[in-house]
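> Sequence plus the predicted model coming up.
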Amino acid sequence: MMLLAAASTGVTPESTQQAIGYPTLFLLVLLGALVPVVPTGALVSTAAVVAFHQTAPFALALVFVTASLAAFLGDMALYWLGRRGMGSRNGSRWLEAIRSRAPEERLAQAQAKLADHGVAVLVLSRLVPAGRIPVMLACLMAEWPLRRFARGNLPACLAWAVTYQLIGILGGSLFNEPWEGVVAAVALTLTISAAPSVWRRVRSAR
């Protein structure tokens, strides 16, 4: 995240930004898919702001390909690890990590929607803040094979990358300085991510 933000200041040449930025974006999004605490949406929006202010051709397309590929591979790796944990007598730390981030209420909702709508729920789960993990766990408990999960996860990752890239492009188009667009894009993505949690707390307080 720091490298992408630093690149947006324009201190380094574009070739250096690309050489550092795309591999960094790939690794961070991949890590964020495996360890769901990294704000990957903010990373993609930030990278889109940087790419929007570059003169290099296909910069935005490269951000899209890099982010969606990293998200897809990370999801597939996490699902594969989860399947191994489901089949293991002692489970696994990855399966435990998935379970810990899927409250019983949300898991039950995800299971019901998955039973009714199938792959469509998986596609939408990445667009809903904190929706990916409960649906992934529901797929694991429904014993979806890896290939079936992949068919739904691919369009989900593509739609996710497009959505957060558009947020970054919007932020970049509103401001002349790249760093201002980065701040706006990060603030917007973090607000979107936090909104469901805040709403649940408000309902609980009532």
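The structure has been received and is ready for your questions.
> Point to the helix or strand of the protein where mean pLDDT is at its lowest.
Ranked by mean pLDDT, DSSP states H and E, the helix or strand of the chain with the weakest confidence is helix 2-7, at a mean of 44.
> For W160, what is the enclosing helix or strand?
helix 146-174 (DSSP states H and E).
> what packs against that helix?
In terms of contacts (3 or more Cβ pairs under 8 Å, 6 or more residues apart in numbering; DSSP states H and E), helix 146-174 is packed against helix 40-52, helix 59-87, helix 119-125, helix 178-205. In short, each C-beta sits where N, CA and C put it, glycine included.
> Show residues contacting the shortest one.
Residues lying outside helix 119-125 but in contact with it, judged by Cβ atoms under 8 Å, 6 or more residues apart in numbering, are 110, 113-114, 131-132, 134-136, 139, 148-149, 151-153, 155-156, 159.
> what do you get if the cut-off is 6 Å, keeping everything else the same?
Contact with helix 119-125 is made by K113, L114, G131, R132, V135, G152, P155, A156, as judged by Cβ atoms under 6 Å, 6 or more residues apart in numbering.
> Only whichever of those residues are buried, select them in ChimeraX.
Selecting only the buried entries of the contacts of helix 119-125 in ChimeraX, with 16 or more other Cβ atoms under 10 Å as the criterion:
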select :113,114,131,132,135,152,155,156
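> hang on, the earlier thing: run the angle between the helix holding W160 and helix 59-87 for me.
Here the directions of helix 146-174 and helix 59-87 differ by 150 degrees (axes from the mean of the first three to the mean of the last three Cα atoms, to 10 degrees).
> and helix 146-174 with helix 40-52, angle?
Relative orientation of helix 146-174 versus helix 40-52 (the same axes, to 10 degrees): 50 degrees.
> can you pull the pLDDT of I20?
Confidence at I20, expressed as pLDDT, is 68.
> Not counting sequence-adjacent ones, nearest residue to E96?
G85 (7.6 Å; Cβ to Cβ, 6 or more residues apart in numbering).
> Correct me if wrong: the one you found contacts A97.
No: using Cβ atoms under 6 Å, G85 is not in contact with A97; the gap is 9.5 Å.
> re earlier: would you point out the most distant pair within the contacts of helix 119-125?
Farthest-apart pair in the contacts of helix 119-125 is K113 and P155; separation 16.7 Å (Cβ to Cβ).
> Of the contacts of helix 119-125, which is the nearest to V65?
For the contacts of helix 119-125, the minimum distance to V65 (Cβ to Cβ) is 14.9 Å, reached by P155.
> Give me the distance between the closest residue to the closest one other than its chain neighbours and R148.
Of all residues not flanking P155 in the chain, V123 sits nearest, at 5.1 Å (Cβ to Cβ, 6+ apart). Separation of V123 from R148 (Cβ to Cβ, to the nearest Å): 13 Å.
> which one of the two has more residues nearby?
Neighbour tally, V123 and R148, criterion other Cβ atoms under 10 Å: the higher count belongs to V123, 21 against 15.
> Would you mark the buried spots in stretch 132-148?
Going by 16+ other Cβ under 10 Å, stretch 132-148 has these buried residues: R132, I133, P134, V135, M136, L137, A138, C139, L140, W144.
> repeat for stretch 109-116
For stretch 109-116, the neighbour count (16+ other Cβ under 10 Å) marks Q109, A110, Q111, K113, L114 as buried.
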